[in-house]
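In: no sequence for this one, just the structure:
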C-alpha cells in the first residue's frame, strides 16, 4: 500500500528492540524458575503453585525464543538492504 519500506538502520533498531525484549522475558523466566524451586512440597502439597510457576517460566522462555527469532529476521533484512545499496552503488 502507501507505506514506505523500512531502512536498514530502522530494521537494526527493531532487531535491538526485540533482543532487549527477549532479555527481559528470559530474566522473568528465570525468576519464575527460582520461585518454583523455592516452593517446598509442604508449602504446596498438590504442586499447583510450582506447576503454575513452571508453566509461566516455559511461556516466557517461548516468548524469548520468538523475540530472538524476530530480531534475527530483522537483522537479516537490514543486511540484505545494505548489500543491495552497496551493489547498486557499484553499478553506477
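Out: Noted; the coordinates are in hand. Here the structure is a predicted model, which is why all the values come from computation and not from measurement.
In: Now the residue nearest the centre of the chain: closest residue in space, sequence neighbours ignored.
Out: To find the centre residue of the chain, average its C-alpha atoms and take the closest one (Cα atoms, centre = their mean): that gives residue 67, at 2.1 Å. What sits nearest to residue 67 in space, not counting adjacent residues and going by Cβ to Cβ, 6 or more residues apart in numbering, is residue 22, at 3.8 Å. For every residue, glycine as well, the C-beta is placed using N, CA and C.
In: buried ones in whichever strand or helix holds the one you found?
Out: Of the helices and strands defined by DSSP states H and E, residue 22 is found in helix 8-38. Along helix 8-38, the positions that meet the burial threshold by neighbour count (16 or more other Cβ atoms under 10 Å) are 8, 11-12, 14-15, 18-19, 21-22, 25-26, 28-29, 32-33, 35-36.
In: low-confidence ranges in this protein?
Out: Filtered on pLDDT under 70, the chain yields the residue ranges 1-2, 91-92.
In: Recalculate using a threshold of 90.
Out: 1-5, 84-92 (pLDDT under 90).
In: Run the chain-centre distance for the longest helix anywhere in the chain.
Out: Among the elements of type helix in the chain, defined by DSSP state H, the one spanning the most residues is helix 48-91. Average the C-alpha atoms of helix 48-91, do the same for its chain, and the two points are 5 Å apart (Cα atoms, centre = their mean, to the nearest Å).
In: by how many degrees do it and helix 8-38 diverge?
Out: If you take axes from the mean of the first three to the mean of the last three Cα atoms, to 10 degrees, helix 48-91 sits at 160 degrees to helix 8-38.
In: Output the contacting helices and strands for helix 48-91.
Out: When contacts are defined as 3 or more Cβ pairs under 8 Å, 6 or more residues apart in numbering; DSSP states H and E, helix 48-91 sits against helix 8-38.
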